[in-house]
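Peer 1: Pasting the sequence and the predicted coordinates here, then a few questions.
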Protein chains: 2
Amino acid sequence: MNTDLRESLQREFPHLEFLHEKEDLIPYSFDGTAAHYSQAELVVFPKTTEDVSRLVRFASDRSVPIVTRGSGSGLSGGSLPIPGGLIVCLSKMDRILEVDTKNLCLRAEAGAITAQIAQAADAAGLFYPPDPGSMRISTIGGNIAENSGGLRGLKYGVTRDYVMGLEVVLASGEVIFTGSKCVKDVAGYSLRDLFIGSEGTLGIVTQVVLKLIPKPQARRTLLAIYNKMEDAAETVSAIIAAKIIPCTLEFLDAMTINSVEDYAKVGLPRDAAAILLMETDGPSGAVEDEAAKMADLARQHHAREVKIAQTAEESFQLAEARRAAFSALARVAPTTILEDATVPRSELARTVKFIQETADRYGLKVGTFGHMGDGNLHPTFLTNEKNEEEMHRVESAMKDIFDFAVGLGGTITGEHGVGVAKKPFLAKALGDLNISVMRQVKKSFDPKGILNPGKIFDL
Amino acid sequence: MNTDLRESLQREFPHLEFLHEKEDLIPYSFDGTAAHYSQAELVVFPKTTEDVSRLVRFASDRSVPIVTRGSGSGLSGGSLPIPGGLIVCLSKMDRILEVDTKNLCLRAEAGAITAQIAQAADAAGLFYPPDPGSMRISTIGGNIAENSGGLRGLKYGVTRDYVMGLEVVLASGEVIFTGSKCVKDVAGYSLRDLFIGSEGTLGIVTQVVLKLIPKPQARRTLLAIYNKMEDAAETVSAIIAAKIIPCTLEFLDAMTINSVEDYAKVGLPRDAAAILLMETDGPSGAVEDEAAKMADLARQHHAREVKIAQTAEESFQLAEARRAAFSALARVAPTTILEDATVPRSELARTVKFIQETADRYGLKVGTFGHMGDGNLHPTFLTNEKNEEEMHRVESAMKDIFDFAVGLGGTITGEHGVGVAKKPFLAKALGDLNISVMRQVKKSFDPKGILNPGKIFDL
């Protein structure tokens, strides 16, 4: 970005903080996606919606591209800087504005941290279910941009299911509010739902109204240990067939188990082929009942051991093992390529098997964990980005896995978004017609193409 | 529609049934909305998605407007014919194609009847929760076009919450599929969510994949009778404050109670000011517990009587009283103008009071019933469309009620859609900017404006 432009921005917005020194820009030059890096040039921290609106007008007048960013914990490169572009970081717009217990909802600025939203709900005796892995640092605006999932998707759904209203700055700088505090609202197209998951390409979300629900009375966490991966997958099918919808059904494969043990020493069995982490919540009686049934089903499907947490602390520890999975794998190799292939639940067992076979075929190391109840797998390739030849094999393996998932009626991304990381695979997954309709939508919202250009698809 | 065009259509589609005789067209000239009528000219009944696609291409080539229609049970004139237009009625595309118990979903053609979908789910031990009042005749395609609600919105949400995938014929005649059988899928914009609630103006939904959930173990229905409307409203607030989310929280006012008694003689107390119909479902123990708590809360808020249904038949009878409300009111006067104003739940008591005062001020008869748990009210004006002067007063009263609801952060339509009936009120409710963005979206999907033109807003 040229100096004139920067100085004119700084003159125009004297009350805002800017970053433009090289060392300050390093953290803004990547997100949580390994092997994607792009040099940030200028970061601005607006404090109000009005600031965002004026920044967008300024950028639009000069055709300067804008990338909106929260904590940068994204996993598809969606907030990667664009050459010559301005980074609008919403981290200073982080207030929780209202917890409305009468209407079971909460209003916050887009830069509010997900975990703090969950805590504010909890303090009011309520519950904000979406819990993306990065919730301790991620912003709610980022969650909405990516339509983030988490560990409770099976029972409670994803971010979309909890968004009642959005304040959005459009590419013109105008501000709209879409949605309401009403449980039902069908007045016109749901622009709200279109913004959710649009990865900052259609508008900049500045404020959100989120639905809350009553806190479940009780919760029970179980861990089942398997000698065979297929048995874990069959346990999941058996639980669903028994008409039980647990809030969590996570699994870790052998590679992941061992990495977690190396990293966190939580006492996982290093010789197991798979573990399932299961959690049920709801009314106390029903929870006990479901936990017992899930333990039985796990045993019937050859779990060699089933642990039922007896205290909240034990539950927390079991869940931490799963939460540590990505960080643990990330320590095994210089570069971890985390994927997000998702299939209809019925196709899980085959998919897990295919991932392992594919890694073997390409001579790669892979750890797989994920949200088994959602069919949402995170095969994680352990590699080194400096080894070009190996990276090439990783790409081929990923491509095979995506093709396999799509062939089974699945998708290339369950919860991480497309960004730049999955962009090369989108057209094949959705078909050209879907992409061309999306392009038309993009053009109608952002005719100059200044909002996060080059993400999801090219115009 | 000119005879040449009709004959050329019939020649082009010799395998399809057409209606063009005046007497055959009567049922296609209106929907469930009183006081809206438009002469149908030609109706065609496609049998496959390919038929729909070819019909759209034919219409597009000749710039013939298309109105898509199911059973015509809509309540906002969304399927009202357009002069010179073709009515594409999907009632012959009514097959349930698949009940997938492994992935907890169901695939059906858009013309499938909602109640049959619910039955198919039930037969598989599963549950399709959305239950719009017209579900015995409405089509699932119509439900999706309007994003229909129903009596279970508070706990289970609305149609949108159960749509996993849609096959849609675009204005070009091309066919896309948007969504998947995956619980999580964030590959690109959610076109699916944009089509839901777009009232046939962006594309023609031909096939749907719906999410199913396990059937609740138990269910308990209660009826509470009040001498004062405020007490009923306060009971609702107290239930929510107690962190109970019943599946149903419906109310009927005095006028509605008496109309239902005249019509169906179900034994409702004619001297009551309001009744609340409440239903809780879930695990047996929790249901008993919640039902007892709800009965207590009703008594604490001066319910003069609380009946708890002891058998499934008693439950069914209580629920039927509510289901009969609209039909019962419709017999009281030649014309019933059913409204759909919705407010945040906390504003219910004031809104109900305002509706009654408004009716009094304009010298009108109104019966109000609705989904109290959702803040979704159906004030129903009992009038006569032949009395122009009275109809004028009804319009003024409706306008006042909408302004009041919008002023409280509510909406002009909670579940019936905009169509033509609420079109005059939309801009004021949403603001011009929202409408102009929606117009841009419409233009990007339907540049020639052939899909249900003139509904929701004008281009």
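Peer 2: Arrived safely, thanks for sending.

Peer 1: what's stretch A:422-431 in contact with?
Peer 2: A:76, A:340, A:399, A:402-403, A:406, A:411-413, A:416, A:418, A:435, A:455-458, B:176, B:187-188 (Cβ atoms under 8 Å, 6 or more residues apart in numbering or on different chains). All C-beta spots, glycine's among them, are computed from the backbone N, C-alpha and C.

Peer 1: Surely A:S134 is in contact with A:S73?
Peer 2: Yes: if you go by Cβ atoms under 8 Å, A:S134 and A:S73 touch, sitting 4.0 Å apart.

Peer 1: Residues in contact with both of the two, list them for me.
Peer 2: Any residue near both A:S134 and A:S73 by Cβ under 8 Å, 6+ apart counts here, and that gives A:G32.

Peer 1: Okay, and which of the contacts of stretch A:422-431 map to strands?
Peer 2: Judged by DSSP state E, the contacts of stretch A:422-431 include B:I176 as members of strands.

Peer 1: Contact partners for A:S444?
Peer 2: Applying Cβ under 8 Å, 6+ apart to A:S444 gives the contacts B:440-441, B:443-444.

Peer 1: measure the residue positioned nearest the centre of chain A to A:T411 for me?
Peer 2: Nearest to the mean C-alpha position of chain A, by Cα atoms, centre = their mean, lies A:S148 at 3.7 Å. Note on A:S148: its distance to A:T411, by Cβ to Cβ, to the nearest Å, is 15 Å.

Peer 1: Return the residues of the stretch 251-400 of chain A in contact with chain B.
Peer 2: A:282-283, A:285-286, A:289, A:342-346, A:371, A:373-376 (Cβ under 8 Å from any Cβ of the partner chain).

Peer 1: Specify which member of the residues you listed is nearest to A:S198.
Peer 2: A:T342 (18.8 Å; Cβ to Cβ).

Peer 1: and the closest one, how many neighbours does it have?
Peer 2: 33 (other Cβ atoms under 10 Å in any protein chain shown).

Peer 1: check contacts around the nearest residue to it once chain neighbours are set aside.
Peer 2: Among residues not flanking A:T342 along the chain, A:G414 sits closest, at 3.3 Å (Cβ to Cβ, 6 or more residues apart in numbering or on different chains). Counting by Cβ under 8 Å, 6+ apart, A:G414 touches A:149, A:340-342, A:371, A:374-377, B:182-186.

Peer 1: A:K307 too?
Peer 2: A:222-225, A:318.

Peer 1: List just the nearest of those residues to chain B.
Peer 2: A:L222 (18.0 Å; Cβ to the nearest Cβ).

Peer 1: Now do the buried residues in the helix or strand bottoming out on mean pLDDT in chain A.
Peer 2: Ranked by mean pLDDT, DSSP states H and E, the weakest helix or strand in chain A is helix A:312-323, scoring a mean of 83. For helix A:312-323, burial by neighbour count (16 or more other Cβ atoms under 10 Å in any protein chain shown) applies to A:315, A:317-319, A:321-323.

Peer 1: which helices and strands sit right next to whichever helix or strand comes after that helix?
Peer 2: Note on helix A:312-323: by DSSP states H and E, the next helix or strand toward the C-terminus is helix A:325-330. For helix A:325-330, the packing partners by 3 or more Cβ pairs under 8 Å, 6 or more residues apart in numbering or on different chains; DSSP states H and E come out as helix A:254-264, strand A:335-338, strand A:365-371, strand A:376-383.

Peer 1: who's in contact with the first one?
Peer 2: The list of residues contacting helix A:254-264 from outside it, by Cβ under 8 Å, 6+ apart, reads A:252, A:266-270, A:272-275, A:320-321, A:324-325, A:327-329, A:331-332, A:365-369, A:380, A:382.

Peer 1: Buried ones among the residues you listed?
Peer 2: Among the contacts of helix A:254-264, those scoring as buried are A:252, A:268-269, A:272-275, A:321, A:324-325, A:328-329, A:332, A:365-369, A:380, A:382 (criterion: 16+ other Cβ under 10 Å).

Peer 1: Break chain A into its domains for me.
Peer 2: Per the TED database, the structural domains of chain A span A:3-89, A:96-214, A:218-252+A:275-324, A:333-416.

Peer 1: Cool, thanks, talk later.
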